[in-house]
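Asker: coords please:
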Amino acid sequence: MSDIKKIHTANACPPAGPYTQAIVAGPNVFVSGQIPADTKGNLIEGSIADKTKMCCENIKGILTEAGVAMDRIVKVNVFLDDMANFAEMNGMYEQYFSHKPARSCVAVKQLPKGVPVEIECIAYTGFYTNGNMRLLHASGDDFELVEFIRYMPTYAILSHTWGADEDEVTFKDIYKGKGKGKKKPGYAKLQFCAAQAAKDKLEFFWVDTCCIDKSSSAELAEAINSMFKWYRDSTACYVYLSDVPSTGTPYLQSNKQPSFKGNRWFTRGWTLQELLAPRTVVFFSVDGTRIGDRSSLAKQIARETSIPVAALENGSDFMLKYPVEERMNWARYRHTKREEDAAYCLLGIFEVQMPLIYGEGKEKAFGRLQKEIEDVHGRRDWVDNLLHRYELPLLQRELQRLNDIVFDNAMMQGIDQQSIHMREIMRRMQKGVI
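Answerer: The predicted structure follows:
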C-alpha cells in the first residue's frame with residue numbers, strides 16, 4: 001500500500017462518515033464527493049450557485065494539499081437533487097473548471113444531509129513519458145534520487161547558471177556520495193529548491209547538475225532531447241538568479257524591481273527553453289526572495305531578451321507558433337560552455353530531436369539542426385526565403401523593426417503575421433522605401 005496515500009486537510013469540509021477526503025493512488029487523486037459545507041462541517045446557506053462554489057472550494061483545498069492544480073482534474077461527477085438547478089450550478093461550475101474536464105451530471109432522489117448538490121472528481125497527478133526520469137526527494141537532512149518510469153508525479157524544476165564544475169553537486173555526489181555534496185557551494189541551490197517546492201506542496205524536484213548521470217553519453221543524449229518536455233511538464237520552474245542581490249525584504253509589485261540588465265542567466269543558451277517551456281516560471285534572488293513570475297515581469301524580460309511579451313505570457317504552445325527565423329533570433333546572443341550546445345540547447349525550441357556528437361564543432365551541429373528543422377518546418381522559413389531571394393539587407397532590418405510594432409498585436413488578435421508583413425513590405429517596395 002506504499003503507493004496509496006490518504007489526503008486530509010483542514011481547508012476543506014471534514015468527512016461526514018468512515019471515508020477519506022481523497023486518496024492518491026498511482027498517478028491519480030480520487031476526491032470524495034464534496035457537499036456545500038464549510039471547514040467545520042457546517043452546511044452553508046444561500047443559492048445553488050453559492051452551494052456549488054462551496055463544493056468547488058472544498059475540492060480546491062483538498063487538491064492543494066495533494067500538490068495538484070485544479071486544471072489537472074480529468075473527470076467530474078455532479079449530483080443534483082433537482083435538474084431545475086442545472087443552469088445555475090453550471091454557471092458557477094465553469095468558473096472553476098474552465099479547462100472543461102470530462103463530466104457526468106446525474107439527478108438523484110436525495111443527497112447526504114439533504115443538500116441539493118454534491119461534486120466528486122478525479123485528478124491526474126503526473127504525465128506519461130516513454131523514458132525514465134530521476135527526481136530529488138528530501139531524505140532526513142540530505143537528498144535522495146528516485147527514478148520514475150513512464151508515470152511521473154508532480155514536481156518542481158530548477159533553472160540556474162552553473163558555477164565551476166567542481167562546485168556543483170553531481171549525480172555521484174547524491175547517488176553514492178554519502179553527504180559529500182553538502183560541502184559544495186552548489187548544495188545551497190538544492191536546499192533552496194527543496195524548500196520552495198515544500199512551500200508549494202511538491203514532494204519532488206529536479207536539478208540538472210545531479211539528476212542526470214553525465215558519465216553515460218546515452219543518458220545525457222536522452223536527457224537533452226527530453227529537456228524541453230521536462231521543463232514544460234513541471235508544475236513550477238524556479239529561476240535562481242545568483243547575481244541578483246537580496247534587499248532584505250520581499251520584492252513587491254508596487255516597488256521598483258531589480259534590473260535584469262546584464263544578468264548572466266539571460267545570456268546562457270540553455271536558459272532560453274527554461275524560460276519559455278514551463279507553465280509557471282518564478283524568479284528568485286540569491287537569498288531565495290521571490291522577485292516575480294514570468295507574467296508579472298514580462299515587459300522587463302522582453303526588453304532584456306527581445307522576446308515578444310505575447311510569447312512570454314501565453315505559454316509554450318503559443319511560443320511555438322512564431323516563425324523559425326524569429327525563434328532563432330532569440331538565441332542569437334546567448335552562449336554555452338561547450339560550442340555544440342549552442343545548437344543542442346535549441347532542440348525543444350524547434351520541436352526536433354537529433355543525436356549528440358560532442359567534438360563535431362558548432363558549425364556542423366548547427367548544420368544538422370538546420371536539416372532537422374527543415375524536415376519538420378519546410379525548406380526555409382518564409383522570411384528567410386524572401387531575404388535570400390531578393391538579397392535585401394535593409395528588409396531584414398525593417399522586418400525586425402516591424403516585429404516590435406506589429407507582431408505582438410497581430411498574434412494576440414489571431415491575425416496572420418505573414419500577411420501583415422507581406423502587405424507592409426509590398427507597400428514599401430512600391431513607394432521605393434526599401
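Asker: I'd like to know how far Arg103 sits from Leu63.
Answerer: As judged by C-beta to C-beta, to the nearest Å, Arg103 and Leu63 stand 16 Å apart. The way it works is simple: take the backbone N, C-alpha and C, and place the C-beta from them, glycine included.
Asker: Over to Phe79?
Answerer: 19 Å.
Asker: Which one's more surrounded, those two?
Answerer: Neighbour count, other C-beta atoms under 10 Å: between Phe79 and Leu63, Leu63 has more, with 24 against 20.
Asker: For that one, what is the enclosing helix or strand?
Answerer: helix 48-66 (DSSP states H and E).
Asker: now for the following helix or strand past that helix, which elements pack on it?
Answerer: Proceeding N to C from helix 48-66, the next assigned helix or strand is strand 73-80, under DSSP H and E. Applying 3 or more C-beta pairs under 8 Å, 6 or more residues apart in numbering; DSSP states H and E, we find strand 73-80 packed against helix 86-96, strand 102-107, strand 117-124.
Asker: Provide the strand pairings for strand 73-80, with the direction of each partner.
Answerer: Applying DSSP bridges, strand 73-80 is found paired with strand 102-107 (parallel), strand 117-124 (antiparallel).
Asker: out of those, deepest packed?
Answerer: Ranked by mean neighbour count under mean count of other C-beta atoms under 10 Å, the strands paired with strand 73-80 are led by strand 117-124, which reaches a mean of 23.
Asker: Strands along the stretch 151-300 of the chain, start to end?
Answerer: Assigned by DSSP state E, counting those that start in this stretch, the strands in the stretch 151-300 of the chain fall at 155-159, 204-206, 236-240, 281-284, 290-293.
Asker: Thr52 is nearest to which of these?
Answerer: strand 236-240 (28.8 Å; C-beta to C-beta).
Asker: For Cys210, which residues are in contact?
Answerer: Each residue near Cys210 by C-beta atoms under 8 Å, 6 or more residues apart in numbering is listed here: Leu136, Leu145, Glu168, Val169, Thr170, Phe171, Asp173, Ile174, Gly181, Leu190.
Asker: Give me the lowest-pLDDT entry from the residues you listed.
Answerer: Of all the contacts of Cys210, Gly181 has the smallest pLDDT value, namely 85.
Asker: What's the separation between the closest residue to Pro14 other than its chain neighbours and Val115?
Answerer: Of all residues not flanking Pro14 in the chain, Gly41 sits nearest, at 5.1 Å (C-beta to C-beta, 6 or more residues apart in numbering). Distance from Gly41 to Val115, counting by C-beta to C-beta: 12 Å.
Asker: Same question for Val31.
Answerer: Distance from Val31 to Val115, counting by C-beta to C-beta: 16 Å.
Asker: of those two, who's got more company?
Answerer: Neighbours were counted for Val31 and for Val115 using other C-beta under 10 Å; Val31 has more, 24 against 20.
Asker: Output the contacting helices and strands for the helix or strand harbouring that one.
Answerer: Per DSSP H and E: Val31 is located in strand 28-34. Packing partners of strand 28-34 (3+ C-beta pairs under 8 Å, 6+ apart): strand 22-25, helix 48-66, strand 117-124.
Asker: Quickly note the distance from the nearest residue to Asp142 once chain neighbours are set aside to Lys172.
Answerer: The shortest distance from Asp142 to any non-neighbouring residue, by C-beta to C-beta, 6+ apart, is to Gly179 (5.8 Å). With the distance defined as C-beta to C-beta, Gly179 ends up 13 Å from Lys172.
Asker: likewise Leu136?
Answerer: Separation of Leu136 from Lys172 (C-beta to C-beta): 14 Å.
Asker: Go ahead and confirm Val286 touches Ser242.
Answerer: Yes. Here Val286 reaches Ser242: they are 5.4 Å apart, a contact under C-beta atoms under 8 Å.
Asker: what about the two, which has more around it?
Answerer: Neighbour totals were compared for Val286 and Ser242, and Ser242 leads with 18 against 14 (other C-beta under 10 Å).
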